[in-house]
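# For reference, the sequence and a predicted model appear below.
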Amino acid sequence: MRQVTGSYVKIDIAVSRITEARRTRAKTLDLSGLGLTEVPSELSSLTQLARLNLGHNQLTAFPAELSSLTQLTELNLGHNQLTALPAELSSLTQLTELNLGHNQLTALPAELSRLTQLARLNLGHNQLTALPAELSSLTQLTELNLDHNPLKPPLAVTAHATEASPDRYMVSHGRWFVSAGSNVDLSPLMSDLQRRGADPYVLSDVAELGSDVLQSLRQAIARADQVLLVVGRGTISSTVMFEAGIAVGMDKPLIVIADPHIKLPYDLPGVLTVRARPDDLEAVGFALDQAQGRNVRRSQKAAATGRSLGQRIDGLLVRLRAAEPINESYAIALLKEALDDSGVIAAEGGNTDQRFDLGVWSDDLDSIAANPLLIEVKRKLHRVAVDQAHRYLAESPTARAALIVSLVPVDREVTERLRRSGQPVWVILLRDLLERMRSESFAEVVRDLRNRAAHGALP
């Protein structure tokens, strides 16, 4: 019988949770924050587990009991004291998410490459100086956190891979279109890419004076072999998100380098996102080495599902005119009816985010990184409402962009404030939105609003 003092109390808590999970055939087990230095042997019997949280303990070695949990898809070992990983880790072949952040790992086993289903891998805040070349075989990987590791740059960066290791330290040749906000100093990264044999460029390098900005942007991305999106700490530029959307729409291989503290307002399918500070050239450089040569997955294009309303819009416009002066509640109901008819999914705020009136989902909005889209209907738009919309969007855990639908014409001062903010919040008059939905789908209207905002045009 276990003692009921000291660390044994926490072991007993763990055993109790394991016993309950075995009794109920639970798929999820949380053993985090118990101060465990080892795990109870009973854990190995939970072969049905899909999600296991062992974070925030005091484990110094990878628990051998985990090797029998072959159905695990999510494993959290973050915030422990692990110094090494055994080859037996490779038995967990169903893992899609592995958190090893905030440990003391100095190296990784090559067998990690057998976890071919991994989509998210957190290696941040360790003591890694190198990663196994085999990591490049993890072709399902879409998020890799390398922040706060003393990674060394490749020992040999040459024009050709070495004969002994043909895939390692391969120079990133080709044309790289680099997109970043004004808050990111790109000069170190651009120099590093050139050192590797690449031909990096930004829009201003190739756009001709006096040319159409949108056309120049499309041409710049079209000529690229690879697109690199760099997101530093602070505000995310809507222009950068717009350029990412164009790259995905053109089916260009895309890599995202994002500061670990930034919240990305989108989830681009199949895109490798590396969590590292843009000025951490060792981490970024290693990520580029790993990405080079792997078959970077590209998003699958889906057929457009939205539709214009044609003559059906006439009845809505008649009802809108008859209800003048219209109140916000009626306007929301009218707009939701139009959205439902257009083929998108629209839910009232109580079912999505109660600080906004409507939440809209549509596959057509994915390509412009605006899915889901929050909508706020305002009788009159003023500066306070704009600031409030920005704040609510930033606090939303899932939303990527917001649309403010005004019932009366918007002051130029307000539209200028929206433009200067650089945030994915756009505005349109309800009557104009409905009229445009006569011949355009809702996503096409939103895309045009985004394009105009991204390139400085007032609505």
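Looks like it came in fine. Numbering: from 1, shown residues only.

# Verify the stated contact: Arg22 with Ser44.
No: applying Cβ atoms under 8 Å, one finds Arg22 not in contact with Ser44, separated by 10.9 Å. All C-beta atoms are positioned from the backbone trio N, CA, C, and that covers glycine.

# Output stretch 383-393 as PDB, nothing but the C-alphas.
C-alpha atoms of stretch 383-393 as PDB (Å, rounded to 0.1, in the frame of the first residue of the first chain):
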ATOM      1  CA  ARG A 383     -14.400  55.800 -34.100                       C
ATOM      2  CA  VAL A 384     -15.200  54.000 -30.900                       C
ATOM      3  CA  ALA A 385     -17.000  51.300 -32.800                       C
ATOM      4  CA  VAL A 386     -14.000  50.800 -35.000                       C
ATOM      5  CA  ASP A 387     -11.600  50.500 -32.100                       C
ATOM      6  CA  GLN A 388     -14.000  48.100 -30.400                       C
ATOM      7  CA  ALA A 389     -14.200  45.800 -33.500                       C
ATOM      8  CA  HIS A 390     -10.400  45.700 -33.600                       C
ATOM      9  CA  ARG A 391     -10.200  44.800 -30.000                       C
ATOM     10  CA  TYR A 392     -12.900  42.100 -30.100                       C
ATOM     11  CA  LEU A 393     -11.300  40.500 -33.200                       C
END
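
# chain center to that stretch: distance?
23 Å (Cα atoms, centre = their mean, to the nearest Å).

# same check, this time on stretch 120-132
Centroid separation between stretch 120-132 and its chain, computed with Cα atoms, centre = their mean, is 19 Å.

# Pull the residues that contact it.
Stretch 120-132 is contacted from outside by 78, 96-110, 112-113, 138, 141-152, 260, 275, 286, 290, using Cβ atoms under 8 Å, 6 or more residues apart in numbering.

# before we move on, what about stretch 82-89?
By Cβ under 8 Å, 6+ apart, the residues outside stretch 82-89 that reach it are 59-62, 64, 66-67, 100, 103-109, 111-112, 115.

# 10 Å instead, please
Residues from elsewhere that reach stretch 82-89 (Cβ atoms under 10 Å, 6 or more residues apart in numbering): 59-64, 66-68, 75, 77, 95, 98, 100, 102-112, 114-115, 126-127.

# Buried among those residues? Need that as a selection in PyMOL.
Here is the PyMOL command that selects the buried residues among these (16 or more other Cβ atoms under 10 Å):
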select buried, resi 59+62+63+66+67+68+75+77+95+98+100+102+103+105+108+109+111+112+114+115+126
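
# Kindly tell me how buried Gly310 is, as a neighbour count.
Look at Gly310: counted by other Cβ atoms under 10 Å, it has 10 neighbours.

# Contact partners for it?
Gly310 touches 437-439, counting by Cβ under 10 Å, 6+ apart.
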